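1. Have a look at this prediction, sequence included:
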Amino acid sequence: MDDETYRTRSLYAAAFLLASDFPLVGASPDGAGRTEFAIGGDSRKLEGRLAEYRSGRALINAQRFGSELRRLKAILHGSD
């Protein structure tokens with residue numbers, strides 16, 4: 001297993017990966033003042049799920065996606 005930390009400023013991509021069982025490693029402001037989410041996991045699995053997400057072919061539990069989205073928004077707004 002080749003672990004990697006994937007970093008993104010996309011709230012929706014981050015929520016998708018979290019709903020796909022990848023762990024949130026951290027969240028911090030980037031140089032432009034936007035929040036960057038760090039997602040951990042096996043690099044091949046991460047890239048595979050991201051390819052599905054970007055192509056529009058990804059399947060995900062909608063309730064879990066919504067829950068992860070709310071969790072990330074709470075982090076963004078400081079109510080974590």
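-> Cool, the structure landed. This is a predicted model, so every value here is computed, not measured.
2. Tell me the helices and strands packed up against whichever strand or helix holds residue 66.
-> Residue 66 belongs to helix 62-76 when assigned by DSSP states H and E. Contacts defined by 3 or more CB pairs under 8 Å, 6 or more residues apart in numbering; DSSP states H and E place helix 62-76 against helix 11-19, strand 24-29, strand 35-42. All C-beta atoms are positioned from the backbone trio N, CA, C, and that covers glycine.
3. now the angle from the last one to helix 11-19?
-> With axes from the mean of the first three to the mean of the last three CA atoms, to 10 degrees as the basis, strand 35-42 and helix 11-19 are set at 30 degrees to each other.
4. could you point out which element follows strand 35-42?
-> helix 43-55.
5. Could you check the angle the helix holding residue 66 makes with strand 24-29?
-> 40 degrees.
6. In this protein, where is pLDDT below threshold?
-> Along the chain, segments meeting pLDDT under 70 span 1-2, 79-80.
7. And the residue nearest the centre of it?
-> The centroid of the chain falls nearest to residue 14 when counting by CA atoms, centre = their mean (1.8 Å).
8. ok, now which ones touch it?
-> Neighbouring residues of residue 14 by CB atoms under 8 Å, 6 or more residues apart in numbering: 8, 24, 37, 39, 68, 72.
9. now residue 34
-> residue 9.
10. So for residue 76, what's the nearest residue that isn't a sequence neighbour?
-> residue 35 (5.6 Å; CB to CB, 6 or more residues apart in numbering).
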